[in-house]
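Visitor: Sequence first, then the predicted structure:
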Amino acid sequence: MSKAHIIVIDDDPDIRDVLVLTLTEEGYEVVEAENGQQGLDLIKSKGFNLVIVDYKMPVMDGPTLCATVKKDILLAHIPIIMLTGKGDVTDKVSGINAGADDYMVKPFEPTELLARIKMILRRTERDLDANPLSHLPGNVSILNELQSRIDKKEPMAVAYADLDKFKAYNDKYGFSHGDEVIRETARLIIRAVQELGNPGDFIGHVGGDDFVFVSSPDKIDGICEKLVEEFEKASPGFYNTEDRQTGFIVGKDRKGTEQKFGLLSISICVVTNEKRLLEHVAQISEIGAELKELAKATERSCYIKDKRTGERPSL
């Protein structure tokens, strides 16, 4: 990831000098403004990843600038750190109420400021990429995670999970119920990974009913078995009494043909680098797509793992 673009807005040239020196030495690209209005004009005309603004300034103060930025739908995502006077609780509260994401008390320690900046930038990047339904990391984070693990050449197991017969369920029960199924699926995945995986394992949400989770080869089987078991227990609860008792619903497939659809199930495809060298993200995706066809041929929830022997994978 390239270094962030940061704007420093403060009427005190000495404070600006300290901030610019601290940030440029860290590799950030920095622009200065000496009052709130000048800063706001720059924010609207240039792309910034972070705003550092003083509370008390001429022309336009920090809280006013902050409130203006946060009301603009195209700018509201930009995080703002507000600089306040030492021990002035009123300034802190006012700044936070105006929408500031964090504050620093002057005089501040440069190392603490840099730590806060890094934390806020990481959080913002994650939030912008997060899936709105599950709040799990989205496609950009997934690609970065997979590429990072490929580069490290450490043992890894990538699992792709998606729901079977979900379109038919959505058609009958509506998107609201469908969204709740997706959220519950996310909960089940998180629970299984947290209980049986490693501390550094990753979970992402590709979109719709498609998820990805990454663990180590020695943990992945237990996670998948747990997820299959828990989803099978949860699936009947997504239906009304009549459909649950019959064990199917009547709907139309993607070609418009009416047919019976069994209860929702989950298919999981696992790609590992235990015996096969994984060199790029597209390769992982291609292997996963091949495995998915086999997994989808099973009526109920299952997981299938690539044995990487050159033979076709098996359940």
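Guide: Arrived safely. Numbers count the residues shown, from 1 in each chain.

Visitor: Give me the secondary structure label for residue 250.
Guide: Three-state assignment for residue 250 (DSSP: H, G, I helix; E, B strand; the rest coil): strand.

Visitor: What separation is there between it and residue 259?
Guide: For residue 250, the distance to residue 259 (Cβ to Cβ, to the nearest Å) stands at 7 Å. No exception for glycine: its C-beta is placed from N, CA and C like everyone else's.

Visitor: Residue 119 too?
Guide: Residue 119 sits 52 Å away from residue 259, going by Cβ to Cβ.

Visitor: State the three-state secondary structure for the nearest residue to residue 137 once chain neighbours are set aside.
Guide: Among residues not flanking residue 137 along the chain, residue 204 sits closest, at 4.6 Å (Cβ to Cβ, 6 or more residues apart in numbering). For residue 204, the secondary-structure state derived from three-state DSSP is strand.

Visitor: so who does residue 204 touch?
Guide: 136-139, 141-142, 145, 211-213 (Cβ atoms under 8 Å, 6 or more residues apart in numbering).

Visitor: hey, C-alpha coordinates of stretch 149-169 in PDB?
Guide: Only the C-alpha atoms of stretch 149-169 are listed here, as PDB (Å, rounded to 0.1, in the frame of the first residue of the first chain):
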ATOM      1  CA  ARG A 149       0.500 -15.400   2.300                       C
ATOM      2  CA  ILE A 150       1.700 -16.400  -1.100                       C
ATOM      3  CA  ASP A 151       4.700 -14.100  -0.800                       C
ATOM      4  CA  LYS A 152       5.500 -15.500   2.700                       C
ATOM      5  CA  LYS A 153       5.500 -19.000   1.300                       C
ATOM      6  CA  GLU A 154       4.100 -20.300   4.600                       C
ATOM      7  CA  PRO A 155       1.700 -23.300   4.800                       C
ATOM      8  CA  MET A 156      -1.800 -22.100   4.100                       C
ATOM      9  CA  ALA A 157      -5.300 -23.400   3.400                       C
ATOM     10  CA  VAL A 158      -7.800 -21.200   1.600                       C
ATOM     11  CA  ALA A 159     -11.500 -22.200   1.900                       C
ATOM     12  CA  TYR A 160     -14.200 -20.900  -0.300                       C
ATOM     13  CA  ALA A 161     -17.700 -21.300   1.100                       C
ATOM     14  CA  ASP A 162     -21.000 -20.500  -0.500                       C
ATOM     15  CA  LEU A 163     -24.700 -21.500   0.000                       C
ATOM     16  CA  ASP A 164     -26.600 -23.900  -2.200                       C
ATOM     17  CA  LYS A 165     -30.200 -23.200  -3.400                       C
ATOM     18  CA  PHE A 166     -29.900 -19.700  -2.000                       C
ATOM     19  CA  LYS A 167     -31.600 -18.000  -5.000                       C
ATOM     20  CA  ALA A 168     -34.700 -20.200  -4.600                       C
ATOM     21  CA  TYR A 169     -34.800 -19.300  -0.900                       C
END
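
Visitor: And it, what's buried?
Guide: 149-150, 156-169 (16 or more other Cβ atoms under 10 Å).

Visitor: what's the answer for stretch 31-50, then?
Guide: For stretch 31-50, burial by neighbour count (16+ other Cβ under 10 Å) applies to 32-40, 42-43, 48-50.

Visitor: Residue 306: neighbouring residues, count only.
Guide: A count of nearby residues for residue 306, using other Cβ atoms under 10 Å, gives 24.

Visitor: related to what we said a few turns ago, tell me the bridge partners for the residue nearest to residue 137.
Guide: Assessed by DSSP bridges, residue 204 has beta-bridge partners residue 212.
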